[in-house]
Every structure is written in structure tokens, then in C-alpha cells.
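In: model the structure of this input:
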Amino acid sequence: MQTNSKHILLTGATGYVGGRLLRALEVRGHRVRCLSRNPDFLRSKVGRDTEVVQGDVGDPDSLPATLRGIDTAYYLIHSMGTTGDYAAQDRQAAAAFAAAAAREGVRRIIYLGGLGEPPGLSKHLASRQEVGRILRESGVPTIEFRASIVIGSGSLSFEMIRALVEKLPIMVTPRWVRVIAQPIAIEDVIDYLVASLDLGDPGSAVFEIGGTDRVSYGDIMREYGAQRGLRRLMIPVPLLTPKLSSLWLGLVTPVYARVGRQLVDSLRNPTMVRDPSALETFAIRPRGLTDAIARALRNEDRSIAETRWSDALSSRGATPQWGGIRFGSRIVDSRSVTVPLSARDAFRAVRRIGGAVGWYWGDWLWRLRGFLDLLVGGVGTRRGRRDPEWVVAGDTVDFWRVEAVEPDRLLGLFAEMKLPGRAWLQFEVQETPKGSTIRQTAIFDPVGLLGLLYWYALYPLHTLVFRGMLRGLARAAVREANPDGVGTKPAFRSGAPASPINT
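Out: Predicted coordinates:
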């Protein structure tokens with residue numbers, strides 16, 4: 001653990017890079033203050049010594065107090081997923097943040113932007129580089145990292161590539177698939193961001209960062225397919241304009257519909273490292289594409305287990321739709337219930353699920369599913385539970401494996417039944433002023449078209465079973481905590497599906 005800790009402000013802590021950077025800073029013992037528009041949303045994610053304050057880069061009046069006493073501020077904000085003119089919003093936010101940082105005596109700003117050579121940059125990349133310029137011109141020494149596509153489970157560009165390869169055996173590929181990039185693993189990005197804390201005093205500087213390989217987006221797709229055991233045929237065509245390509249992307253991968261045009265516009269720009277100063281300044285030696293993808297695939301299950309699925313779709317403004325919400329190749333279906341109980345009492349019913357207690361609704365359907373699983377060589381439900389009352393990571397619960405347990409807060413299960421994909425079932429309990437909220441989230445990662453057909457064919461039945469399970473679980477929790485039933489009644493609601501990806 002680091003002893004010479006710095007007082008750090010982290011913006012974007014709920015985002016893809018920011019969330020991982022937060023953990024790295026906490027492990028090193030730094031004093032971290034997180035800026036959040038909704039502090040309650042973030043507090044459950046941070047370490048005990050991390051401070052969460054309310055503020056918004058779009059509200060200049062909220063920034064001075066947030067930046068007071070800060071040595072280094074990480075600026076990991078962008079507005080591409082919002083409505084309106086995102087470039088103008090980014091420009092105004094960066095100017096307000098830079099001005100407040102200068103007034104409060106912040107010693108350094110660290111910013112992550114995007115690679116690309118002007119002229120001819122896409123609106124998105126031009127905006128990212130403009131933000132870096134605004135920060136540097138504030139008078140506060142600013143370290144700007146410019147990165148190509150980030151390889152890691154959850155990053156926007158990588159999830160798009162994953163979704164295309166998983167779903168399309170034959171792809172008609174537009175011109176941008178042949179554009180050259182220099183992808184970098186998320187672990188290396190985090191290493192650069194952390195290492196810049198201890199950089200001497202170079203004033204303001206721009207560092208271009210990338211992995212060891214220069215490859216096309218088609219090469220990235222082929223490498224991903226090879227590691228997943230998927231053969232894919234790519235047919236290049238010159239006819240797909242950025243507009244048509246973004247519409248095609250939105251149809252194939254709906255999660256990107258809101259940012260499709262901007263994303264495709266960015267992909268048409270080559271993003272290669274031309275200035276080697278990052279390798280000369282830092283001791284970091286980034287890994288290559290093969291290793292980066294392998295690490296992303298190895299870590300994605302752990303990432304899913306660690307992700308709090310109660311993080312609602314606040315950044316996307318999406319509404320629930322039939323069939324669940326799709327994130328890259330994963331489909332998420334979530335709902336919640338409020339019970340007038342403490343988290344401890346509410347979680348008691350959660351931890352006892354399966355085995356002799358059953359699944360709180362439609363147990364005969366669960367037994368039938370287990371029997372069908374046995375017929376195709378699966379584990380079925382014959383394993384039951386090791387202990388009727390308690391579970392630990394690694395335990396079996398019928399045809400599920402316990403992946404994560406946090407007492408009175410979280411139970412995460414991974415399906416070991418035979419499926420055309422992978423499935424998780426997660427329960428979270430969070431205390432509220434009126435008791436506790438129990439959130440149930442089902443996650444399915446389909447393999448190919450068969451996996452998608454499986455999900456959508458069974459979705460009505462899954463909805464019936466999971467909704468009945470959550471209601472039964474809530475009633476059981478209330479009944480056990482209050483046998484007389486006086487003044488206790490669960491309040492059910494369908495919550496918006498929650499997102500594992502914040503970009």
C-alpha cells in the first residue's frame with residue numbers, strides 16, 4: 001500500500017475506465033474523492049475511506065467545493081451518450097472544470113482522450129482532443145493520454161466488436177472495418193493513469209498510448225472469433241456510408257443505437273501511436289492484441305460477478321423493452337421489490353434459495369428444467385445444497401454455482417446447466433428509508449443465433465418464473481421476520497434493467 005498518498009478527485013467513477021481506476025487508486029492507499037451527480041448511487045461501490053460528494057461538471061457552482069484541497073484531478077467525462085449537442089456540452093463542462101481547478105490550486109489534471117490525426121477527425125475524436133486543449137489552456141498542468149480502441153470486457157468499442165462477431169456468422173463489412181488501429185488493454189490504460197500521479201513536473205504534456213500491434217478492426221474481429229472458437233466470413237463492400245453503417249450497427253447491436261453514428265464516424269479514423277514519448281517516459285510496456293483479448297475473456301466472468309447490477313441505466317435514458325435490455329452480447333432482465341425489513345432479515349430468504357427450500361415459486365418448473373438438463377448430460381437439480389442455511393463462494397445450489405456472496409447484500413449464481421450460452425442470476429439487497437430493496441437480475445450471454453433463439457423463445461416463461469420467484473421470496477422474508485404479519489407488506493415494482501457497462 002502506498003504511504004505517500006495524494007488527495008485525488010476522480011470524475012467518471014461510475015464509468016468504464018473510472019470504475020477500474022477507482023479500485024486501483026484505493027488499493028494504492030490514495031485518498032480519493034469522487035464527484036457524482038447522485039452520491040447515493042455511488043457510495044455502495046467505494047471503499048471505506050473514499051469520499052463521495054455531490055456535484056456536476058455541468059453545474060459550475062458545484063465545482064469549487066469539490067476541488068478544494070485536491071492535488072490531482074482525473075477528468076474522465078464525455079457526453080457522447082447524451083441527447084443534444086454533446087460536443088458543446090463537453091466544451092462547456094471542460095471549461096467550467098478547468099477554471100474551477102485553477103482557482104482552487106489543483107496541481108495537476110489527468111485526462112484520457114482519443115488518438116487521431118487532424119485534419120479530418122470525426123466529431124467525437126475532435127471533441128475529445130478539444131477537451132484536452134481546454135484543460136491544458138487553463139494554466140493547470142495537464143497530462144493528456146490519447147488512446148485507440150480499449151480492449152476489455154465492457155468498453156464500448158470492444159463490446160461492439162464482440163456483439164458483431166457473436167451474432168453474425170457472415171458479415172458484410174464497410175470500409176471502417178479495414179481501418180488500422182493500435183488497440184490497448186484496459187489494464188495498461190489504468191497503469192498509465194496511475195503512473196502519471198508520480199510523474200515529475202513536465203508541465204502539460206500529451207502522451208499517445210497503444211498496444212504493440214497495429215491491426216485493422218477486421219483483424220480484431222478475427223482474433224476475437226478465433227479465441228471464442230467462432231468462424232466468421234467477412235465480405236467487404238464499399239457501399240456502406242457512415243450513416244448507413246450506423247443504422248446497420250444499431251439494428252445488429254441495439255445498445256449502440258444512441259451513439260452509432262458518432263462511433264462509426266470515429267472508427268473511420270486511423271488511430272495509431274506516432275509519438276513514442278509514452279514509452280520513453282513511463283516504464284509500462286503494453287501487451288499485444290492476442291493477450292489483451294485473452295485477458296478480457298478470462299476476466300469477464302469475474303467482472304460480471306463483481307458488477308453491481310442495481311446501477312440503473314442512468315447514462316442511457318433507456319426504458320425497459322420486451323426481451324430484456326441487451327448490452328453488447330449480454331441480455332439483462334431485472335426487477336425489484338421493497339420489503340419493510342432490515343437488509344439482514346431480507347437477505348435471509350435470499351441465501352436459503354434452492355435445495356429443500358426451493359425457488360419460492362413454480363418449483364415443479366425448476367424440477368422439470370433440471371430433469372431436461374439431465375437428459376442432455378447436464379448436472380440437473382440433484383446436487384441440492386451443501387448447507388440449508390448458509391452459502392459460500394464455490395457452493396452448488398441445484399444447477400447453479402455460487403460465484404459471489406456478500407453477507408446481507410449480494411448473492412451471485414452462475415448456471416452450470418446445458419445452455420446455448422452462459423447465464424447468471426443475481427440478488428442484491430440494499431437498505432432504504434422504508435426497509436430494504438431486493439433486486440433480482442438475470443443475465444444471459446448467448447452464443448450465436450441459437451442462443452438468441454433460446455432466450456426469446458423462453459422469455460415469456462422466464463418472466464413468469466422470475467417474477468413469481470421474487471414475489472415469493474419477498475413474502476417468505478416478511479413471513480419469517482414477522483410471523484404475525486402485522487404491518488408488513490412487500491411493495492413490488494419492475495425496475496429498469498441495470499447496466500454492467502458504463503462507458
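In: I'd like the mean pLDDT over stretch 333-342, please.
Out: Stretch 333-342 comes out with an average pLDDT of 90.
In: same question, stretch 205-221
Out: 93.
In: for stretch 48-63, same thing?
Out: 88.
In: show me what it is in contact with.
Out: Outside stretch 48-63, the residues that touch it by C-beta atoms under 8 Å, 6 or more residues apart in numbering are 11, 22, 26, 31-39, 42-43, 46, 65-66, 77, 89, 92-94, 96-97, 99-100. In this view, the C-beta of every residue, glycine as well, is placed from N, C-alpha and C.
In: 7 Å instead?
Out: 11, 26, 31-37, 39, 42-43, 46, 66, 77, 89, 93, 96-97, 100 (C-beta atoms under 7 Å, 6 or more residues apart in numbering).
In: stretch 186-206 too?
Out: Contacts of stretch 186-206 (C-beta under 7 Å, 6+ apart): 6, 17, 20-21, 24-25, 28, 72, 74, 110, 112, 132, 136, 141-147, 150-152, 155, 209, 282, 284, 286-287, 295.
In: thinking again about what came up before, just the contacts of stretch 48-63: which are in strands?
Out: Counting by DSSP state E, those place 31-36 in strands.
In: picking up where we left off before, narrow the contacts of stretch 186-206 to those that are buried.
Out: In the contacts of stretch 186-206, burial by neighbour count holds for 6, 17, 20-21, 25, 72, 74, 110, 112, 132, 136, 141-147, 150-152, 155, 209, 282, 286-287, 295, counting by 16 or more other C-beta atoms under 10 Å.
In: ranges for the helices of the stretch 101-250 of the chain?
Out: Ranges of helices in the stretch 101-250 of the chain, per DSSP state H, counting those that start in this stretch, are 123-136, 156-167, 186-195, 217-228, 242-252.
In: just name the most buried of these.
Out: helix 156-167 (a mean of 23; mean count of other C-beta atoms under 10 Å).
In: any idea how many residues pack against R467?
Out: 17 (other C-beta atoms under 10 Å).
In: what kind of secondary structure is it in?
Out: helix (DSSP: H, G, I helix; E, B strand; the rest coil).
In: so the closest residue to it other than its chain neighbours is in which element?
Out: Using C-beta to C-beta, 6 or more residues apart in numbering and skipping the chain neighbours, the partner closest in space to R467 is R335 (6.5 Å). Using DSSP states H and E, the element containing R335 is strand 330-339.
In: how about L452?
Out: helix 448-481.
In: re earlier: just the ones in strands from the contacts of stretch 186-206, please.
Out: Using DSSP E, the contacts of stretch 186-206 in strands are 72, 74, 110, 112, 142-147, 150-151, 209.
In: of those, closest to S122?
Out: For the ones in strands among the contacts of stretch 186-206, the residue nearest S122 by C-beta to C-beta is R146; the value is 13.9 Å.
In: any idea how far M272 is from the closest one?
Out: 11 Å (C-beta to C-beta, to the nearest Å).
In: name whatever forms a beta bridge with the residue nearest to R467.
Out: Q440 (DSSP bridges).
In: any idea of the mean pLDDT for the helix holding L452?
Out: Rounded mean pLDDT across helix 448-481 is 89.
In: what helices or strands is it leaning on?
Out: strand 330-339, helix 343-351, strand 435-446 (3 or more C-beta pairs under 7 Å, 6 or more residues apart in numbering; DSSP states H and E).
In: buried sites along it?
Out: 448, 451-452, 454-455, 459, 462-463, 465-467, 469-478, 481.
In: which parts of the stretch 251-400 of the chain are strands?
Out: 325-327, 330-339, 396-397, 400-406 (DSSP state E, counting those that start in this stretch).
In: redo those strands as JSON lines? Include mean neighbour count and distance to L372.
Out: As requested, the strands of the stretch 251-400 of the chain are arranged in JSON lines below (neighbours: other C-beta atoms under 10 Å; distance: least, C-beta to C-beta, whole Å):
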{"stretch": "strand 325-327", "mean neighbour count": "22", "distance to L372": "26"}
{"stretch": "strand 330-339", "mean neighbour count": "23", "distance to L372": "21"}
{"stretch": "strand 396-397", "mean neighbour count": "20", "distance to L372": "18"}
{"stretch": "strand 400-406", "mean neighbour count": "19", "distance to L372": "16"}
